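>>> Sequence unavailable; structure follows:
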């Protein structure tokens, strides 16, 4: 089966750094994605990790440890526009199934 | 512009009245999928299609049908909608690397 866990809500201050964790247990693994979703809008792609380690893209970084079934998304220099839900998603295999999503972490950035 | 387009964006209907949500993508992706998103449950896959005339059930297929007669189109059909199908629906197409591109969403209310 598939199980993806992430915190439901987080609050952080503008200009700060926040880390959103994701743990997963899936029957297969072919990569982990992070998506950002503003309220009422479609999810948009942030990052993709298939090998262990840190992937950096501007203010956002994503880390993966396959042996631990663990990932995190790191957001630096937080801005008010970063208030959104962040979805962790695992690709279980290369073929038939698409991504399995966690329930998402709602991040509120405060002034 | 690369995009996934779904219609209608908003719909209020009554129990038992058949409806179709259309989805079209212009990226020549072979893989398309439908998700529903409900509070606390995240994105759950309804149906997916690996290619033309190839469709398969996702995690929550009950009450839905799909078809894939052309590569670009993947409509979602609710033959007899019920109130528990009130949800936010997303169509998505997938790149070879596994990244999903989402449509803008269709908010459906079944009374």
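Received the coordinates, thanks. Only a predicted model underlies this, so the values are computations on that prediction, with no experimental measurement involved.

>>> At which residues are the strands of chain B located?
All strands of chain B, identified by DSSP state E, fall at B:4-7, B:10-13, B:19-25, B:31-38, B:42-51, B:54-57, B:65-66, B:76-78, B:87-94, B:100-102, B:106-110.

>>> And the spatially most central residue of chain B, how close does it get to chain A?
With distances taken as C-alpha atoms, centre = their mean, the residue of chain B nearest its centroid is residue B:34 (3.2 Å). Distance of residue B:34 to chain A, given as C-beta to the nearest C-beta, to the nearest Å: 10 Å. C-betas here are computed from N, CA, C, even on glycine.

>>> Please apply the same query to residue B:72.
Distance, residue B:72 to chain A, by C-beta to the nearest C-beta: 18 Å.

>>> nearest residue to the residue nearest to the centre of chain B other than its sequence neighbours?
Once flanking residues are discounted, residue B:34 sits nearest to residue B:46: 4.3 Å by C-beta to C-beta, 6 or more residues apart in numbering or on different chains.

>>> follow-up on the earlier one: just checking, the residue nearest to the centre of chain B touches residue B:68?
No - using C-beta atoms under 8 Å, residue B:34 is not in contact with residue B:68, being 11.1 Å away.

>>> what sits against residue B:97?
When contacts are counted by C-beta atoms under 8 Å, 6 or more residues apart in numbering or on different chains, residue B:97 touches A:31, A:48.

>>> mind redoing it with 10 Å?
A:30, A:31, A:33, A:48, A:50, A:91 (C-beta atoms under 10 Å, 6 or more residues apart in numbering or on different chains).

>>> re earlier: shared neighbours, residue B:34 and residue B:68?
In contact with both residue B:34 and residue B:68: B:47, B:48, B:49, B:74, B:75, using C-beta under 10 Å, 6+ apart.

>>> Model confidence for the first one, exactly?
Note for residue B:47: predicted pLDDT of 95.

>>> Touching, it and residue B:78? I think so.
No - the pair residue B:47 / residue B:78 is not scored as a contact, 11.9 Å apart, by C-beta atoms under 10 Å.

>>> which of these two has more neighbours?
Applying other C-beta atoms under 10 Å in any protein chain shown to residue B:47 and residue B:78 shows that residue B:47 carries more neighbours, namely 23 against 20.

>>> Tell me the bridge partners for residue A:90.
In this structure, residue A:90 bridges to residue A:32, residue A:100 when assessed by DSSP bridges.

>>> Count the neighbours of it for me.
Neighbours of residue A:90 under the rule other C-beta under 10 Å: 24.

>>> how much space between it and chain B?
Plainly put, residue A:90 is 10 Å away from chain B if you go by C-beta to the nearest C-beta.

>>> in terms of contact, does that residue touch residue A:48 like I think?
No - at 11.1 Å, residue A:90 does not count as touching residue A:48 under the criterion of C-beta under 10 Å.
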